[in-house]
Structure formats: structure tokens, C-alpha cells
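Chemist: take this sequence and fold it.
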Amino acid sequence: MIDRDSFDSQIHDAMAHLYDFQFLARSAVAERLGLRDVRGGGTSLHRLLVDAIERLKPPRDVAADAVAWKVYRYLQLRYVRSLSASAVAGELGLSTRQAQRVQSAAIASLTSILWEVGQPAGAAPVSRESATAVDRPADDWSDLLLEVELTAVLAGDSGDVEAFPTILRGALETVSPMVISRKLTIELSLDDELDRRIAPRDLVRPALVQLVLGAVDLAGANLLTVRATADVNGGRVELTAETPVSPPLAERAADLDRRIRVARGLLGRLGGDVALSWEPRPRIVAWLPLALAPTVLVVEDNPEVVQLFRRYLSGSAFHLISATNGLSALDVATTVQPAIITLDLLLPHRDGWELLQALKVHPTTKHIPAIVCSVLRERELALALGAADFIEKPVTQHTFLSSLRRFAPVPPRPAPPT
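Modeler: I've put the predicted structure just below:
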């Protein structure tokens with residue numbers, strides 16, 4: 001049986017041949033929709049695709065700059081009016097990368113509309129009327145717009161990767177005005193092991209905000225506990241209404257369901273999931289894979305500089321360890337195998353030049369990028385001896401993080417589960 005990713009690709013091919021009725025009649029999409037062996041099947045599929053585009057047209061009260069309008073206008077300009085990709089990008093005021101993201105969201109949105117329409121090959125052909133009905137009422141735009149917005153987020157770049165505790169605390173801070181207004185108490189518990197776990201901020205933060213909002217409704221004006229734990233597969237967040245409202249507010253049930261669906265859609269992109277249980281107390285549980293933060297070995301004998309670098313990396317995608325001299329640094333590097341090393345040149349026992357040369361010839365450390373951070377302006381020599389980069393002190397946070405991100409492998413956003 002065909003999967004969603006394959007169907008997405010087939011919809012893309014069909015849209016690229018929207019006015020080639022012979023191609024459409026022979027296409028895999030026509031076969032799935034029961035139109036392949038039907039006279040006029042290409043014309044029927046053309047109409048279905050155009051109708052699906054019109055289903056994505058947002059209501060007038062949706063802001064003109066909303067993603068939903070960009071998706072609809074992209075489909076209209078690119079496929080119905082047959083403009084080139086560059087012309088469409090210019091018409092919509094988008095960069096090439098932005099246009100590619102909107103296109104991915106647009107095709108995925110069409111896939112969502114047509115996915116349930118298909119019938120097994122050989123079944124009765126799908127009529128135009130039944131194909132546009134799908135599951136939801138034609139005027140129920142709320143779910144459709146939500147689907148479009150989620151599709152746009154999931155089609156985007158990975159965004160920043162941050163320490164998971166930072167993401168979770170940020171989500172709680174965002175919801176704090178509601179917490180205060182409802183006189184609710186939140187107790188947060190975080191495993192220390194989570195300090196070294198990182199996640200894509202653009203997916204995890206909005207998912208957690210939705211889950212916290214749902215849990216706030218469940219807890220009423222009482223106590224909500226948030227417990228985050230680490231395990232071999234990543235992390236688990238439990239939001240428990242310790243003294244829940246009774247009975248649960250029925251008028252907020254739809255909001256809770258919607259929030260969980262949004263969070264599940266975002267975390268599902270990472271292979272995570274969300275569950276809601278009611279006994280013995282209302283509880284929302286989220287599971288998500290969390291990567292280990294790349295380790296940065298800072299070789300520096302000045303504790304104030306080490307503390308400064310630690311502050312620079314606080315909440316980032318990197319985990320800092322340090323060594324105070326060149327002798328111990330080589331031992332730490334060979335044992336820990338950090339993702340990247342930063343080193344001063346003026347070090348006790350063995351200076352930075354000697355350490356850099358030792359690191360570049362040792363079989364277990366020669367592959368590790370080394371960044372020289374020094375007041376000595378010897379960039380040319382540092383690079384000649386194998387340094388990946390040279391940063392002159394005093395070092396700014398922007399310069400420090402930019403260099404680390406260029407040379408240290410931060411885990412990318414995972415591919416969606418198959």
C-alpha cells in the first residue's frame with residue numbers, strides 16, 4: 001500500500017503536469033483515485049486538483065500575510081497560472097529558500113486533502129463532488145488552516161538546536177501570565193541528565209507550550225506538577241493536575257484535544273508522541289527523542305575566561321568541559337573525544353603551540369577541530385599548524401558560537417519516522 005511520502009511525490013508530479021491530461025490519465029494519482037481506466041480520467045483528475053487548491057483558499061478574515069494565503073497563492077500562481085518558480089517567488093516577495101518551503105507546505109496540504117479520497121484500483125471512480133467532500137465540512141476552516149500551518153512548520157529548516165531544559169523553561173515562562181491570573185502553582189522537576197540533552201527549538205517549544213496550556217486548564221486554580229526525566233531513548237515530560245478541576249471543564253475539551261493534536265503533530269516529526277490519561281489524576285505525557293549535546297573542551301588556565309565561555313554556552317547546543325594546561329588537555333582529549341577543542345596559546349607546562357601540534361599528530365585527536373583563542377595575533381601560524389579557526393581575545397559570544405557552529409557537528413533534526 002502506498003505511503004503518505006510516496007503520495008506526496010505523486011501529487012507533486014501531477015501538479016507539474018496539471019494541463020497535460022494524457023499524463024494525468026496515466027499517473028499514479030489517477031490510479032489511486034480510480035480514474036486511470038476511466039474515459040476522461042485526465043480531465044477529471046485536473047478538476048479534482050484545481051478543486052483541492054480552491055479548498056485551501058482561506059476565509060477573508062485570515063490575515064493576508066498568513067502562511068495559509070502564501071500556500072494558496074503559490075499553488076494558484078505556480079500551477080494554475082503556470083508561472084515559473086522564480087516568478088512566483090518574486091510575486092510573493094519570497095527568497096528562493098522561502099519559496100521552496102512554501103511549495104513543500106503547499107504540496108503536503110494538497111496531499112492531506114486528497115489522501116482520504118483515494119480508492120483501491122478497480123473501484124468505482126471518484127466523482128468530483130465526493131472528492132471535494134473529504135472528512136470535514138466544507139466551511140470548517142479551523143482544522144484545515146491548522147493543518148496548513150503545521151505543514152509549513154514541518155517543511156521548514158531545522159532551526160536552532162538548544163538545551164532541552166532551556167526550551168522547557170522558556171515554554172513555562174511563555175504561559176506564566178495565564179498561570180498567575182489563575183492563581184495556579186507549577187512545580188518543576190528536571191533530571192540533571194537533561195542538561196546535556198538538546199532538541200530542535202522550532203518544534204519542541206511550541207509543542208510544549210500547547211501541552212502546558214492544556215494542563216493549566218486541567219489543573220484549574222490548584223497545583224500542576226511538571227516532571228521531566230531522561231532515559232536511553234530521549235526524554236519524557238509529565239504534566240499532572242494534582243488537584244484537578246472537577247468535573248473537567250467540558251467547554252474546554254475541544255481546546256484540549258486541539259492542543260494535543262498540535263503537539264503530537266510537531267513532536268511526531270521527531271518520532272515523539274503525546275498521551276492523555278485521566279486516572280488517578282489528569283495527566284499529559286510527552287515522549288521525545290533528545291540528542292546528546294556536542295562536547296567542547298576549553299583549554300584555558302584563566303578561570304574567569306572559562307566561566308565566561310560557560311556563560312556563553314548556557315542553554316545552547318554545546319556542553320563545556322575544561323582543562324587548565326597543555327599536559328592534562330591531551331589526556332582529556334584522547335579520553336573524552338570532544339566534538340571540538342578551543343585552546344589558548346599561553347599555557348603552563350606545555351604551551352598552546354605544542355599542544356596544537358600534539359593534537360594534530362595523535363591518531364585519536366587529529367580529526368578533532370581545534371580553535372585557537374589568544375591575545376597573540378598569530379592567525380597565520382595557527383592555521384598553518386592545523387587549527388580550524390583563530391579567534392582573537394577578547395572573544396564575544398557571537399564570535400565564539402559562530403565558530404563552534406561552523407566546525408562542531410550539532411545533530412540535525414531527525415527525519416520523520418517511517
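Chemist: got phi/psi on the closest residue to A68 other than its chain neighbours?
Modeler: Residue nearest to A68 in three dimensions, not counting chain neighbours: P58, with 4.3 Å by CB to CB, 6 or more residues apart in numbering. C-beta here means a position set from N, CA and C on the backbone, and glycine is covered the same way. With angles defined as degrees, to the nearest 10, P58 sits at phi -70, psi 160.
Chemist: wouldn't P58 be in contact with V67 here?
Modeler: No: using CB atoms under 8 Å, P58 is not in contact with V67; the gap is 9.5 Å.
Chemist: of the two, which one has the most company?
Modeler: Neighbours per residue, other CB atoms under 10 Å: of P58 and V67, the larger number sits with V67, 22 against 19.
Chemist: gap between that one and S104?
Modeler: Plainly put, V67 is 12 Å away from S104 if you go by CB to CB, to the nearest Å.
Chemist: do you know how far D344 is from P369?
Modeler: Distance of D344 to P369, given as CB to CB: 16 Å.
Chemist: okay, the two: which has more neighbours?
Modeler: D344 (22 against 19).
Chemist: you'd agree the more buried one is up against E300?
Modeler: Yes: between D344 and E300 there is a contact under CB under 8 Å: 5.1 Å.
Chemist: look up how far L211 lies from the nearest residue to A28 once chain neighbours are set aside.
Modeler: Nearest residue to A28, sequence neighbours excluded (CB to CB, 6+ apart): Q10, at 4.5 Å. Here the criterion is CB to CB. By it, Q10 lies 34 Å from L211.
Chemist: who's more crowded, the two?
Modeler: Using other CB under 10 Å, the more surrounded residue of Q10 and L211 is L211, with 27 against 19.
Chemist: contacts only, for the more buried one.
Modeler: Contacts for L211 (CB atoms under 8 Å, 6 or more residues apart in numbering) come out as V237, L239, R259, I260, A263, V274, I284, A286.
Chemist: from those, pick the one nearest E162.
Modeler: Ranked by distance to E162 (CB to CB), the contacts of L211 are led by V237 at 15.3 Å.
Chemist: isn't there a strand covering that closest one?
Modeler: Yes: assessed by DSSP: H, G, I helix; E, B strand; the rest coil, V237 belongs to a strand.
Chemist: quick check: bridge partners of it?
Modeler: Judged by DSSP bridges, the bridge partners of V237 are A228, A286.
Chemist: pull the contacting residues for it.
Modeler: Counting by CB under 8 Å, 6+ apart, V237 touches L168, L208, L211, V226, R227, A228, V285, A286, L288.
Chemist: swap in 10 Å and give it another go.
Modeler: Applying CB atoms under 10 Å, 6 or more residues apart in numbering to V237 gives the contacts 164, 168, 171, 190, 194, 204, 207-208, 211-212, 215, 226-229, 267, 272, 274, 284-288.
Chemist: look up how far P206 lies from it.
Modeler: For V237 relative to P206 (CB to CB), the value is 14 Å.
Chemist: repeat that for H17.
Modeler: Applying CB to CB, the value for H17 to P206 is 36 Å.
Chemist: one more: F309?
Modeler: Counting by CB to CB - F309 and P206 are separated by 30 Å.
Chemist: same thing with A219?
Modeler: Plainly put, A219 is 20 Å away from P206 if you go by CB to CB.
Chemist: report the set of residues contacting both of V237 and P206.
Modeler: Listed as contacting both V237 and P206 by CB under 10 Å, 6+ apart are A171, L267.
Chemist: where does this protein dip in pLDDT?
Modeler: Scanning the chain for pLDDT under 70 picks out 1-4, 37-38, 116-159, 244-252, 410-418.
Chemist: please repeat the previous calculation with a cut-off of 80.
Modeler: 1-5, 33-41, 59-67, 112-160, 220-221, 232-233, 243-254, 269, 409-418 (pLDDT under 80).
Chemist: quick one, strands of it?
Modeler: Remark: strands assigned in the chain by DSSP state E are 161-163, 185-190, 197-200, 223-231, 234-241, 273-277, 283-288, 291-292, 295-299, 319-323, 340-343, 370-374, 389-392.
Chemist: between those, which one is nearest to R32?
Modeler: Set against R32 and scored by CB to CB, those come closest in strand 273-277, at 28.0 Å.
Chemist: so T399 sits against T342, correct?
Modeler: No: using CB atoms under 10 Å, T399 is not in contact with T342; the gap is 11.5 Å.
Chemist: hang on, the earlier thing: who has more neighbours out of A219 and P206?
Modeler: Set A219 next to P206 and count neighbours by other CB under 10 Å: A219 wins out with 25 against 18.
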